[in-house]
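> Need coordinates for the below:
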Amino acid sequence: MKEISSLIQKPEMGKRLSKTFEKRLVGDYSFAPQVGKEEAQEALAWAKEFLGDVEDYLSKET
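Numbers count the residues shown, from 1 in each chain. This is a model prediction of the structure:
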């Protein structure tokens, strides 16, 4: 079985996950909304790309 770390081969993916997690924390714990529509759309696009990478990884494992 391949190591999970090989799943994220794109260097920017880790940065994207970290940035999106930080924004989620702001959204969850801030009293006023801090994440705009454009940022949310960007995070959604990154999530879709990440899910595609996961699907590719899992399809190679079986």
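> Mind giving me the packing neighbours of the top helix by length along the chain?
Counting residues, the longest helix found in the chain (DSSP state H) is helix 37-61. On a contact count with 3 or more Cβ pairs under 8 Å, 6 or more residues apart in numbering; DSSP states H and E, helix 37-61 meets helix 11-29. In short, each C-beta sits where N, CA and C put it, glycine included.
> switch the cut-off to 6 Å
Counting contacts by 3 or more Cβ pairs under 6 Å, 6 or more residues apart in numbering; DSSP states H and E, helix 37-61 is packed against no other helix or strand.
> Measure how it sits relative to helix 11-29, angle-wise.
For helix 37-61 against helix 11-29, the angle between stretch directions is 130 degrees (axes from the mean of the first three to the mean of the last three Cα atoms, to 10 degrees).
> for helix 37-61, which positions count as buried?
By neighbour count with 16 or more other Cβ atoms under 10 Å, helix 37-61 contains the buried residues 42-43, 46, 50.
> same thing with stretch 25-36?
Buried-residue list, stretch 25-36, by 16+ other Cβ under 10 Å: empty.
> next one: that stretch to chain centre, how far?
How far stretch 25-36 lies from its chain's middle: 18 Å, per Cα atoms, centre = their mean, to the nearest Å.
> neighbouring contacts of that stretch?
Residues outside stretch 25-36 that contact it (Cβ atoms under 6 Å, 6 or more residues apart in numbering): residue 23.
> No more questions from me, cheers.
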